[in-house]
Structures are given as structure tokens and as C-alpha cells.
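S.K.: After the sequence you'll find the predicted model.
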Amino acid sequence: MDRSPATASPRLSTFFANPRWGVLSRSLAAIFGGYALASMTTVFCALALPGARGQAVLTGMLLAILVAACAALWAFATRSALRAWVGILAPTLLMAGISRLLGAWT
């Protein structure tokens, strides 16, 4: 099974295949995607963890620091920049959707 990013779109795979744009894209995924993932982790933990709200928020914020660091590592450890974006945005959107269902942003 071919798991190359060329199966997604020829234009996207050409953009992400260039090493210069790939490093820029990975850097942006690490910075902005990592920030988005960390903030969604904080919101999700504040809503999903049992106990006092303040303790859940603090736990979420501490966990978000670790998640942001792991997102930056993930962005540069994957085979392609497209996979880095997908690997960071998928859990971000998943946690945002679950947080919305749990009552965030009402």
C-alpha cells in the first residue's frame, strides 16, 4: 500500500515535496498547530476531567505544555509536511468537537 502524500493531490504533494517549503510548513505546523492543539487540550481537560474546575484547568494547562512540545517533535519527525499538519490538526479538531458537545463556547 502506497502511503505517499502524492495520492492526496498533485499540487499539494509538489508544494510539500520541496525541501524549503517543507521546512517552512513543518515550522508553521509546529508553532501554530502546536499552539492550537495545546489550547484545545486545555479546554478539553477543563471540561472532561472530574473534580474542581480550577484543578481541571490547571491540569489541562500543565498537560498542554507537554502536548505542544510533542506536537513540535511530531512536525519534524514525520515523513512529510502534509502528514505533520494532519497529525496535529486531526486531534485538535477532535478535541474541539468533543469540547463543543460538552458545552464549551455556549
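M.R.: Structure received. Numbering: from 1, shown residues only.

S.K.: When you work out contacts or count neighbours from here on, use the C-alpha atoms and nothing else.
M.R.: Will do.

S.K.: Low-confidence stretches in this structure?
M.R.: Residues of the chain meeting the criterion pLDDT under 70: 1-9, 12-13, 15-18.

S.K.: please redo it, this time with the cut-off set to 50
M.R.: 6 (pLDDT under 50).

S.K.: For the most centrally placed residue in the chain, give its distance to V67.
M.R.: Centroid check for the chain by CA atoms, centre = their mean gives I88 as the closest residue, at 2.6 Å. From I88 across to V67, the span is 10 Å (CA to CA, to the nearest Å).

S.K.: Common neighbours of those two, please.
M.R.: 34, 37 (CA atoms under 8 Å, 6 or more residues apart in numbering).

S.K.: what about the residue nearest to the centre of the chain, which helix or strand?
M.R.: Element membership for I88, per DSSP states H and E: helix 81-101.

S.K.: The chain: helices as residue ranges?
M.R.: 10-17, 19-28, 34-48, 53-77, 81-101 (DSSP state H).

S.K.: So which bits of the helix holding I88 are buried?
M.R.: 81-85, 87-89, 92, 95-96, 99 (16 or more other CA atoms under 10 Å).

S.K.: sorry, back to before: from the helices of the chain, which stretch is densest packed?
M.R.: Per residue and on average, the most neighbours among the helices of the chain fall to helix 34-48, with a mean of 23 (mean count of other CA atoms under 10 Å).

S.K.: Measure how it sits relative to helix 53-77, angle-wise.
M.R.: Going by axes from the mean of the first three to the mean of the last three CA atoms, to 10 degrees, helix 34-48 is angled at 150 degrees with respect to helix 53-77.

S.K.: And the contacts of helix 34-48?
M.R.: 53-54, 56-57, 59-61, 63-65, 67-69, 71-72, 88-89, 91-92, 95-96, 98-99, 102-104.
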